[in-house]
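Engineer: Here is a sequence with its predicted model. Questions after.
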There are 2 protein chains.
Amino acid sequence: MPDKKDHVYGDHISARFNDELTELKTQFLNMGGMVESQVERAIEALTNNDSQLAEDVRQNDKKVDRMEMDLDEEAILVIARRQPAARDLRLVISVIKMVADLERVGDEAKKIAKMAIKLSEEGQAPQGYVEIRHIGQHVLSMLHDALDAFARLDSDQALRVMKEDKQVDQEYQAAARALLTFMMEDARNISRCMMVMWVLRALERIGDHACNIAEHVIFMAKGEDVRHSPMEDAERVVGR
Amino acid sequence: MPDKKDHVYGDHISARFNDELTELKTQFLNMGGMVESQVERAIEALTNNDSQLAEDVRQNDKKVDRMEMDLDEEAILVIARRQPAARDLRLVISVIKMVADLERVGDEAKKIAKMAIKLSEEGQAPQGYVEIRHIGQHVLSMLHDALDAFARLDSDQALRVMKEDKQVDQEYQAAARALLTFMMEDARNISRCMMVMWVLRALERIGDHACNIAEHVIFMAKGEDVRHSPMEDAERVVGR
């Protein structure tokens, strides 16, 4: 990957630059792994009525926040020190953007954990757990695949994640409708059903953030911004 | 604002660089103005039961999305061409971050507009409009003040916006609780009350994004990241 620096300073600086980019990627993937685990454990806490685990997830969110700030700082330092161009600059900027998505996924996990704690106090909701487990698994696999697509700069996989998001939205709409119908029939449980509603919404948002990450992977790999575009445009860019 | 470039290329390039930074700021403030107007009109459409206006807001969101993509592209070009350092680099990176917040505020305005359309079809909800107007005004003034703080790089004002966010959260909690109580007492209107609930949530999120913008203004002005910190830390950084 020859760039201006190669000619000016030789290979030594360039190798260190590569190390820094690799380090940035690794840090990002570590944060991704942490956030994945937060979502997984928040869902587990909720469906198993485990308030101890939920409290643990809530506490852990501070680590996610710390990782966001460290990664942003590191990314800005890399730009200041190395003045990356083209593909390298796209990588660093995309990391800065995606870090915000990961942090928000962490926030959604914290919200789910809070609902788990409330529901363990008030008694489990009468409805919605099957849907939470199902949509939860779906968005977890989207998040995993999006991070994996980033690790391997695999725009085909990123495209698949983007396509999953439509399905998750439909699953969410169906689950929210069913829950609403249940609430109308049994008004005594409205308060607890609302908590399930917030959890469903949080899961749907996690799917959106996984989709955002996937869009950035395509930008990094192909240099084209496919956000807010019809799926056919993204397919054309990826070459499907 | 002397930097490395001054010595290498002289004042001409430096002046052009300043023009580019000013242009980036102006574009960002234009997007901010557009988004403010989207939120304002979405609330108006909802409270006045005006589905035509709501449809207009929905359509306009595409322009907001376009502005996000243009601004991101411009910011990356500025980094690639000018290799800014220190304060200038913080400005450009912060714009890249804040643009994502503005785009999401635009999304929330679109969600409110969608609820306005649904409610105009199903008949207005029996509850919650006073709260929507009140919290709506509050977050609109936060958003306006945050953009103004950016325009004048005024970290005192940014700090005030951050403090408002706590109040908005309390107003939102109170409104959501009242609405939930109403839903329990009158289960026939649950479906329309849920729409009001989503609107309240969207408004609360807009407050969060205004707060994020304010945090970035402090970062730009002071070089310190006050996200996820206790308010006292932000006060110390700003010098209050």
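Structural biologist: Done, it's in. Numbers count the residues shown, from 1 in each chain, chains lettered A, B, ... in the order given.

Engineer: burial count for the closest residue to residue A:49 other than its chain neighbours?
Structural biologist: Using Cβ to Cβ, 6 or more residues apart in numbering or on different chains and skipping the chain neighbours, the partner closest in space to residue A:49 is residue A:120 (5.2 Å). Bear in mind the C-beta positions are built from the backbone N, C-alpha and C, glycine included. As a burial measure, residue A:120 scores 19 neighbours (other Cβ atoms under 10 Å in any protein chain shown).

Engineer: Show the pLDDT at residue A:120.
Structural biologist: pLDDT for residue A:120: 94.

Engineer: Thought residue A:52 was touching it, still the case?
Structural biologist: No - Residue A:120 lies out of contact with residue A:52 (Cβ atoms under 8 Å); the separation is 9.2 Å.

Engineer: Could you grab the helix/strand/coil label for the residue nearest to residue A:49?
Structural biologist: Secondary structure, DSSP: H, G, I helix; E, B strand; the rest coil: residue A:120 is helix.

Engineer: Disregarding residues adjacent in the polypeptide, which is nearest to residue A:194?
Structural biologist: In space, residue A:194 is closest to residue B:180, 6.2 Å off (Cβ to Cβ, 6+ apart).

Engineer: and that neighbour, which of the three is it?
Structural biologist: Residue B:180 ends up helix, using three-state DSSP.

Engineer: hey, where'd the helices end up in chain A?
Structural biologist: Secondary structure of chain A (DSSP state H): helices at A:4-9, A:11-47, A:51-82, A:86-122, A:129-152, A:155-185, A:190-222, A:231-238.

Engineer: Residue A:224 touches residue A:236, doesn't it?
Structural biologist: No - using Cβ under 8 Å, residue A:224 is not in contact with residue A:236, being 9.1 Å away.

Engineer: Show me what from chain A comes close to chain B.
Structural biologist: A:62, A:65-66, A:68-69, A:72-73, A:76, A:79-80, A:83, A:85-86, A:89-90, A:93, A:96-97, A:100, A:180, A:183-184, A:187-188, A:190-191, A:194, A:197, A:225, A:227-228 (Cβ under 8 Å from any Cβ of the partner chain).

Engineer: Quick one, grab the pLDDT at the residue lying closest to residue A:63 once chain neighbours are set aside.
Structural biologist: Spatial nearest neighbour of residue A:63, chain neighbours left out: residue A:34 (6.7 Å); criterion: Cβ to Cβ, 6+ apart. Looking at residue A:34, its pLDDT reads 98.

Engineer: mind checking how far residue A:34 is from residue A:72?
Structural biologist: 16 Å (Cβ to Cβ, to the nearest Å).

Engineer: Compare these two and say which is more crowded by neighbours.
Structural biologist: residue A:72 (20 against 17).

Engineer: since we're on residue A:215, how many residues are nearby?
Structural biologist: Residue A:215: 25 neighbours (other Cβ under 10 Å).

Engineer: State the number of residues packed around the residue nearest to it when sequence neighbours are not counted.
Structural biologist: Leaving aside its sequence neighbours, residue A:215 sits nearest to residue A:227 (Cβ to Cβ, 6+ apart; 5.1 Å). Using other Cβ under 10 Å, residue A:227 has 16 neighbouring residues.

Engineer: ok so, going back, is there a quick ChimeraX command that grabs whichever of the residues of chain A next to chain B are buried?
Structural biologist: This is the ChimeraX syntax for the buried subset of the residues of chain A next to chain B, where burial follows 16 or more other Cβ atoms under 10 Å in any protein chain shown:
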select /A:65,68,69,72,76,79,83,89,90,93,96,97,100,183,184,187,190,191,194,197,225,227
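
Engineer: Please tell me I have it right and residue A:78 contacts residue A:22.
Structural biologist: No - between residue A:78 and residue A:22 there is no contact under Cβ under 8 Å: 11.0 Å.

Engineer: neighbour-wise, which of these two wins?
Structural biologist: residue A:78 (21 against 10).

Engineer: OK, contacts around that one?
Structural biologist: A:20, A:21, A:24, A:84, A:92 (Cβ atoms under 8 Å, 6 or more residues apart in numbering or on different chains).

Engineer: so what's the third one up against?
Structural biologist: If a contact means Cβ under 8 Å, 6+ apart, then residue A:24 has A:71, A:74, A:75, A:78, A:91, A:92, A:95 as its contacts.
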